[in-house]
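Visitor: give me a model of this one.
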Amino acid sequence: MGRTFGHQDAWSASGSELTDMLSEIVRNKPIDDFLRDDSRCYLIGPKGTGKTLLLLKKGLEKRNLPEVRTIPPRGMEDPVDRSPFFGNLGHKFYRKHQAPIESDIAWTSVWLHAIVKAVIYDMCRLGIHSSSGKSMTDSKLKDYEEAQWRNIQGEIQQLFGTPPYYRLKTVSDFYKEDCQFLDDAPREGLDRVRHEIDLLSSLYRDFRVPYYVFIDNLDEWYQQWPEFWLTCIFGNFQAIRSVRLNFRDIHIYTSIRQDIYGRFSTEKLTQYDDFISFLNYNNGELMSIFEGGIRRLDNDLLQLPGVKDDNPMQAFFGDVKQIANKIVEDKSEPVDQYLIRHTLLRPRDMITIGNWIIRAKGTGQIDEDTIRTGVSEAAQETAKGYLEEIKPLVDARVQLLEFISQYFPSNIIDRKTAEHTCRQYNEDRQSASCQSDCSTCYNVHPVCALYEVGLLGYAHLSPVNGKQVQSFLRPGEVRYTSAPEKVPPSIAYFLHPILDEYLGNERVNKKCIVGYNLPFDPKVLSDK
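Guide: Take a look at the predicted model:
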């Protein structure tokens, strides 16, 4: 039981709360693929889609198997290497290797070195040798194994110093050591890394024990130094595939934000498809996450606690099943639709909404006004966090909130108005005249930027019923390139509902509710 819907970040949870979160993970095919298939080593999804929680779940499951070992090793509290803040580590080396091909190869080598070195160090720390996985303290080791061990002592000491090795170390520890050395001597350091990779590869033939390695949080610092961290993360991405292909007993897993993955520019990405689980959730799965949060609440926070297990929505909301829209005339909508359209279709957003409704409720009962207040506050928090998150992906000359608040006449506009707002935004900055084709225009593209990050939708004909519906990209769906992703030709464009407060409710269209896959009547544009 609890007083909230849970933590928005899995790393903030602990004890029974974390246990509950792990046991109540909503399963779908991408999640099942990752948890069951050891070849799925990349978890890719927008921020807030549960990547950390899934890494924790898989890491804990593997750590409990006696026949395998993990990095971080047993003895460390968490089974996942949550990369610490590295600051400027690697910057000097990065500046020496900025040519795209050279940079990719260099950073892939650094990560490959850190991963394999962490595994072999742990084997040496424990005295594990040979494919048997036995300890050197076992009394019945064969003579040839002892001889082999003596033969490689020099190489081991060259890598790790004189044994015994007491300190618990992770991939991040070796990565940090590498970056410090590489910053001091970029060329000599890279040569040493490559030499040691050959040495580690040779040693690996004598150390054949199943290891599971879990790395998270690499993209946490992406917003501060985008280009540097993009290079770093892409090197990690390529190194993991190399490990999976060349070190078959090392199983390694990591998480990558989908918007960062979308910036990886290589024609070889299709080679990685069998190694990736792309996280996404449909509306039913999102509502299951919300209902799971309800079931964890203390009974005094519920309207009808007696039906919590059978009907959690009724237990939480009581008799409220529809929300009358106070801005769009004569319109109401089911509670679940109202909640979901004020999110970015991420599990984290559902937790945020639930927690804000509880705050709005206070010691009183939940009614429609309470729900509207909570959802509005949650939408603003979601928008604020997301706008900060996407800063590195948006042209620095485009100020999205300024553009929305000062140039958008409504949350629903036609194509002519969209083009006018873009031209006006550039003219006010004394830019050259806009071209009709965005891909050949050298000005800034605020409308395209909103579309790319999923904050501007468009109308299109549904293949299901042949009627106009509203369509938005999900966060991270665009593969970012140097040219902006053009907004599709459309009779209408829609500002995402999480931005309504920034736009101003007085400018929200009074005839149409905006949201994912909701219907759109073109007559709305002519109705005043």
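
Visitor: in the stretch 401-528 of the chain, where is pLDDT below threshold?
Guide: Where the stretch 401-528 of the chain drops to pLDDT under 70, the residues are 431-442, 480-484, 527-528.

Visitor: going along the chain, name the strands of it.
Guide: 412-413, 456-461, 468-471, 493-495 (DSSP state E, counting those that start in this stretch).

Visitor: can I see the domain layout of the protein?
Guide: 26-278, 283-389, 392-525 (automatic domain parsing).

Visitor: got these as CSV, with distance to Gly6 and mean neighbour count columns?
Guide: No exception for glycine: its C-beta is placed from N, CA and C like everyone else's. Shown next, in CSV, are the domains of the chain (distance: least, C-beta to C-beta, whole Å; neighbours: other C-beta atoms under 10 Å):
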stretch, distance to Gly6, mean neighbour count
domain 26-278, 10, 17
domain 283-389, 5, 18
domain 392-525, 20, 17
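
Visitor: which among the ones you listed is found nearest to Ala10?
Guide: domain 26-278 (4.0 Å; C-beta to C-beta).

Visitor: for that closest one, give the mean pLDDT please.
Guide: Across domain 26-278, the average pLDDT comes to 86.

Visitor: can you say which of the domains of the chain is nearest to His7?
Guide: Closest of the domains of the chain to His7 is domain 283-389, at 7.5 Å (criterion: C-beta to C-beta).

Visitor: centre of the chain to the closest one, how far?
Guide: How far domain 283-389 lies from its chain's middle: 23 Å, per C-alpha atoms, centre = their mean, to the nearest Å.

Visitor: who are the contact partners of Trp107?
Guide: Applying C-beta atoms under 8 Å, 6 or more residues apart in numbering, we find Trp107 in contact with 97, 231-232, 234-236.

Visitor: can you tell me which residues contact Ser405?
Guide: 502-504.

Visitor: hang on, the earlier thing: tell me which of the strands of the stretch 401-528 of the chain sits nearest to Val307.
Guide: Here strand 468-471 is closest among those (C-beta to C-beta), at 33.7 Å.

Visitor: sorry, back to before: let's have the strands of the stretch 401-528 of the chain in a markdown table, adding distance to Ile44.
Guide: As requested, the strands of the stretch 401-528 of the chain are exported to a markdown table (distance: least, C-beta to C-beta, whole Å):
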| stretch | distance to Ile44 |
| --- | --- |
| strand 412-413 | 32 |
| strand 456-461 | 23 |
| strand 468-471 | 22 |
| strand 493-495 | 27 |
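
Visitor: closest to Asn282 out of these?
Guide: That would be strand 468-471 among the strands of the stretch 401-528 of the chain, by C-beta to C-beta, at 15.1 Å.

Visitor: return the distance of that closest one from the chain's centre.
Guide: 26 Å.

Visitor: can you list contacts of it?
Guide: Residues contacting strand 468-471 (C-beta under 8 Å, 6+ apart): 457-462, 491-492, 494, 514-522.

Visitor: distance of Asp369 relative to Ala360?
Guide: 8 Å (C-beta to C-beta, to the nearest Å).

Visitor: revised request: answer the last question for Phe228.
Guide: The value you get for Phe228 to Ala360, if C-beta to C-beta is used, is 41 Å.

Visitor: partner strands of the lengthiest strand in the chain and their direction?
Guide: In the chain, with assignment by DSSP state E, the single longest strand is strand 250-257. Strand 250-257 has the following sheet partners, assigned by DSSP bridges: strand 42-45 (parallel), strand 211-216 (parallel).

Visitor: how about residues contacting that strand?
Guide: By C-beta under 8 Å, 6+ apart, the list of residues contacting strand 250-257 reads 38, 40-47, 51-52, 55, 58-59, 115-116, 119, 210-219, 222, 233, 236-237, 240, 243-244, 476.

Visitor: now, those residues that are in helices?
Guide: With helices taken from DSSP state H, the overlap with those comprises 51-52, 55, 58-59, 115-116, 119, 233, 236-237, 240, 243-244.

Visitor: would you tell me which one of those comes nearest to Gln322?
Guide: Once C-beta to C-beta is applied, the member of the ones in helices among the contacts of strand 250-257 that ends up nearest Gln322 is Lys51, at 34.5 Å.

Visitor: report the contact partners of that closest one.
Guide: Listed by C-beta under 8 Å, 6+ apart, the contact set of Lys51 reads 43, 45, 216, 255, 279.

Visitor: quick one: which two of those residues are the most distant?
Guide: Pairwise distances among these were taken by C-beta to C-beta; the largest, 13.8 Å, belongs to Asp216 and Leu279.

Visitor: extract the C-alpha set from stretch 237-256 and format it as PDB.
Guide: C-alpha atoms of stretch 237-256 as PDB (Å, rounded to 0.1, in the frame of the first residue of the first chain):
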ATOM      1  CA  PHE A 237      26.100   1.000 -29.100                       C
ATOM      2  CA  GLN A 238      28.600  -0.500 -31.600                       C
ATOM      3  CA  ALA A 239      30.800  -2.000 -29.000                       C
ATOM      4  CA  ILE A 240      27.900  -4.000 -27.500                       C
ATOM      5  CA  ARG A 241      27.200  -5.700 -30.800                       C
ATOM      6  CA  SER A 242      30.900  -6.500 -31.200                       C
ATOM      7  CA  VAL A 243      31.000  -8.100 -27.700                       C
ATOM      8  CA  ARG A 244      27.900 -10.100 -28.600                       C
ATOM      9  CA  LEU A 245      29.500 -11.400 -31.800                       C
ATOM     10  CA  ASN A 246      33.000 -12.000 -30.600                       C
ATOM     11  CA  PHE A 247      32.700 -12.800 -26.900                       C
ATOM     12  CA  ARG A 248      29.800 -15.200 -26.900                       C
ATOM     13  CA  ASP A 249      29.700 -15.800 -23.100                       C
ATOM     14  CA  ILE A 250      29.400 -12.100 -22.300                       C
ATOM     15  CA  HIS A 251      25.700 -11.000 -22.500                       C
ATOM     16  CA  ILE A 252      25.400  -7.300 -22.300                       C
ATOM     17  CA  TYR A 253      22.400  -5.000 -22.000                       C
ATOM     18  CA  THR A 254      21.900  -1.300 -22.100                       C
ATOM     19  CA  SER A 255      19.200   1.400 -22.600                       C
ATOM     20  CA  ILE A 256      19.100   4.200 -25.100                       C
END
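
Visitor: how far does it sit from the chain's center?
Guide: 19 Å.
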